[in-house]
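> Any chance you could fold what I've pasted below:
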Amino acid sequence: MKKLVIIATALISLAGFAAADIQSPPGAKYTSTRKLGRALSNILYGTIEIPEQIARKNDAEGRKIGWTYGAVDGTNRALRRLGYGVYELFTFTCPTYRGTFKPPYERCGEDNRIEMNVADGLSEFPPELGFETYYKYSRAQGF
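Modelled structure (predicted):
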């Protein structure tokens with residue numbers, strides 16, 4: 001009987017650790033409002049892909065490729081963003097991608113994060129032109 005109580009106590013304590021991992025599911029940050037914001041940003045700012053791809057191809061392969069292939073690739077990406085934006089605008093209340101509100105774009109990277117795949121993938125939001133900041137803090141000015 002003592003052995004059964006010890007085994008039962010061990011199983012109950014292990015079940016508590018297993019349940020603690022399920023408190024925040026991986027798709028918790030993807031909601032209908034984020035999908036609506038993603039749709040509006042793809043519709044309004046998707047054309048930024050054109051100068052972005054011209055600059056990327058220009059840096060990687062030269063001016064001629066940048067202004068020809070970069071412009072064509074940027075236009076292709078802008079039209080794809082417009083299509084995704086319109087689709088997500090009309091379906092923002094419905095979890096359409098595998099029962100979640102995640103974007104239906106191509107995935108890349110080891111951990112399936114949404115990143116900019118320079119070859120053909122789209123990031124979740126359109127790129128920024130000019131000064132890009134990746135830090136959520138700044139240095140305070142002390143007087």
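> Next, count neighbours for residue 84.
Burial of residue 84, expressed as a neighbour count using other C-beta atoms under 10 Å, amounts to 19. To be clear about C-beta, it is placed using only N, CA and C from the backbone, and glycine gets the same treatment.
> I'd like the next helix or strand past the helix or strand containing residue 7.
Element membership for residue 7 (DSSP states H and E) is helix 2-20. Reading on from helix 2-20 to the C-terminus, the next helix or strand found by DSSP H and E is helix 32-45.
> elements contacting that next one?
When contacts are defined as 3 or more C-beta pairs under 8 Å, 6 or more residues apart in numbering; DSSP states H and E, helix 32-45 packs onto helix 63-90.
> the inter-axis angle of the helix it packs on versus helix 32-45?
What separates the directions of helix 63-90 and helix 32-45 is an angle of 140 degrees, with axes from the mean of the first three to the mean of the last three C-alpha atoms, to 10 degrees.
> so what does helix 63-90 touch, helix or strand wise?
On a contact count with 3+ C-beta pairs under 8 Å, 6+ apart, helix 63-90 meets helix 32-45, helix 49-61.
> phi, psi of residue 104?
phi -90, psi 20 (degrees, to the nearest 10).
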